[in-house]
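1. What follows is a predicted structure for the sequence shown.
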Amino acid sequence: MKVLPFKIPKPKDEALVYQEDREKVFYDQLHQHAEIQISYIEKGEGTLIVGDSINEYKANDILVIGSYVPHVFRSDTHTTNTSVMRTLFFNRGSFGKDFFDLPDLSATHLFFQQSVYGMKVVSPKENSIALFKQLRQQNKMERIASLLMIISQITKSHTQPLSSFVYNKAFSDDEGKRMNKVFDHVMEHYHEHITLQDISEKAHMSKNAFCKYFKKRTNKTFFQFLIEIRIENASKRIIGQPEVPISLVSEQCGFSNLANFNRKFKELKGCTPTQYRAQFQ
């Protein structure tokens, strides 16, 4: 499946697309596509932004991203290992307008409802992973059968949503590129002091116009988004660098005040940074 700056077109004459990504980092530009995406992360870890939410992904995750939901994978670059993702792309009308409305496929309705906000399969997922690992050797008909089995497994599994809000209009290319500039700047410079003037200039907008623009499309203020990015990166450092003091992690992630860092961390993670680190020791 060819990747363009923001939209991903479906190859001609293919109802179901199977794609394997084997790279040091996954495609890291904000994008959307008409197809529903079901991905199995075989190797790799990083940050996944879907809709209004910031998530982490890691090996053995199974992720579902809905149609026209803007998203971006940002692989952690501290490792030299290759990241591997196996993905199926399809839409509700891929096999005929009424295919998924057949009585025999009524169990898929919940899957399509949940896909609107994206979801992560929590458990069980062993059967779905086994099905993903068979896809490379299968022909097109076998892959369609595997897709139906994967959807069936997902509907029986415990899942959690990847976002709570999705902008109800597909982004235009210009909007997508503008939002990508904003996301990219934050992901690269979250540890620095970022002002509203800085980020509105990146978007080529006035400060007031940018605030309204960003809030309408993400359901949160820019600074809420920035704090969530900082906390997500801090949580990874807290676990991955247990020898580094919490106060230094706070500074490294853009917080100038430790008390504020502790407060925001607890709001988003449900516990203090020290408690969070203790869970993984």
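-> Good, I have the coordinates. Worth saying up front: this structure is predicted, and the values here are computed from it rather than measured.
2. low-scoring stretches of the chain, by residue?
-> Within the chain, the segments meeting pLDDT under 70 span 1-12, 79-80, 168-170.
3. what sits against the residue positioned nearest the centre of the chain?
-> For the chain, the residue nearest the mean C-alpha position is residue 48 (3.1 Å; CA atoms, centre = their mean). Applying CB atoms under 8 Å, 6 or more residues apart in numbering, we find residue 48 in contact with 54, 55, 56, 57, 63, 71, 72, 73, 74, 162. Bear in mind the C-beta positions are built from the backbone N, C-alpha and C, glycine included.
4. The fifth one contacts residue 122, doesn't it?
-> Pointing back at residue 63 there. No - taking contacts as CB atoms under 8 Å, residue 63 lies outside contact range of residue 122: 11.3 Å.
5. neighbour-wise, which of these two wins?
-> residue 63 (22 against 12; other CB atoms under 10 Å).
6. Tell me where the stretch 51-200 of the chain has strands.
-> For the stretch 51-200 of the chain, the strands defined by DSSP state E, counting those that start in this stretch cover 53-57, 62-65, 71-75, 83-90, 119-123, 158-161.
7. Those strands: which one's closest to residue 17?
-> Evaluated over the strands of the stretch 51-200 of the chain, closeness to residue 17 peaks at strand 83-90, with 4.1 Å, by CB to CB.
8. what packs against the closest one?
-> strand 17-23, strand 36-43, helix 140-156 (3 or more CB pairs under 8 Å, 6 or more residues apart in numbering; DSSP states H and E).
9. picking up where we left off before, just the buried ones from the contacts of residue 48, in PyMOL syntax?
-> This is how PyMOL selects the buried members of the contacts of residue 48, with burial counted by 16 or more other CB atoms under 10 Å:
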select buried, resi 54+55+57+63+71+72+73+74+162
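10. Closest one of the contacts of residue 48 to residue 241?
-> Checking the contacts of residue 48 one by one against residue 241 (CB to CB), the nearest turns out to be residue 56, at 15.7 Å.
11. Determine the three-state secondary structure at the closest residue to that closest one other than its chain neighbours.
-> Taking CB to CB, 6 or more residues apart in numbering, and ignoring the residues beside it in sequence, residue 56 has residue 47 as its nearest neighbour in space, at 6.0 Å. Secondary structure, DSSP: H, G, I helix; E, B strand; the rest coil: residue 47 is strand.
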